[in-house]
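Asker: Mind folding the following:
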Amino acid sequence: MSRATGAAAAAGALFGAGLALSGMTDARRVLGFLDIAGDFDPTLVWVLGAALLVSAVGQRWVLRRAQPWFAVRFQLP
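Answerer: The predicted structure follows:
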């Protein structure tokens, strides 16, 4: 397994653990978020907000580096 594949597997495992820890693996909770007119559950908004905050901080930290760990250069959209 290459280092990039290992990093992708670790990121996927961390993402899955975050979903499980926040309870977003429960289909009723996700459906409750999507049911705006009925029994609305805003929990997913907080999970998405926290993920956005962590992502923004992480991206700023990573882009301060001269070069990525597993590539020659950054490839930004």
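Asker: going forward, measure contacts and count neighbours with C-alpha atoms only.
Answerer: Will do.
Asker: what about this structure, any weak spots by pLDDT?
Answerer: Within the chain, the stretches with pLDDT under 70 are 1.
Asker: That one: helices as residue ranges?
Answerer: Secondary structure of the chain by DSSP state H: the helices cover 3-22, 27-34, 43-63.
Asker: Those helices: which one's closest to Arg73?
Answerer: Smallest distance to Arg73 across those (CA to CA): 10.6 Å, for helix 43-63.
Asker: what's in contact with that closest one?
Answerer: Taking contacts as CA atoms under 8 Å, 6 or more residues apart in numbering, the residues outside helix 43-63 that touch it are Ser22, Met24, Arg29, Val30, Phe33, Pro68.
Asker: Is it possible to mark the buried ones in the residues you listed?
Answerer: The neighbour-count test (16 or more other CA atoms under 10 Å) applied to the contacts of helix 43-63 identifies Met24, Arg29, Val30, Phe33 as buried.
Asker: Show the contacting residues for the first one.
Answerer: If I follow you right, that is Met24. Val30, Leu44.
Asker: now swap in the last one and tell me
Answerer: Remark: with contacts taken as CA under 8 Å, 6+ apart, Phe33 is in contact with Phe40, Asp41, Pro42, Thr43, Leu44.
Asker: Leaving out the residues flanking it, which one is nearest to it?
Answerer: If the residues on either side of it in the chain are set aside, Phe33 comes closest to Asp41, at 4.7 Å by CA to CA, 6 or more residues apart in numbering.
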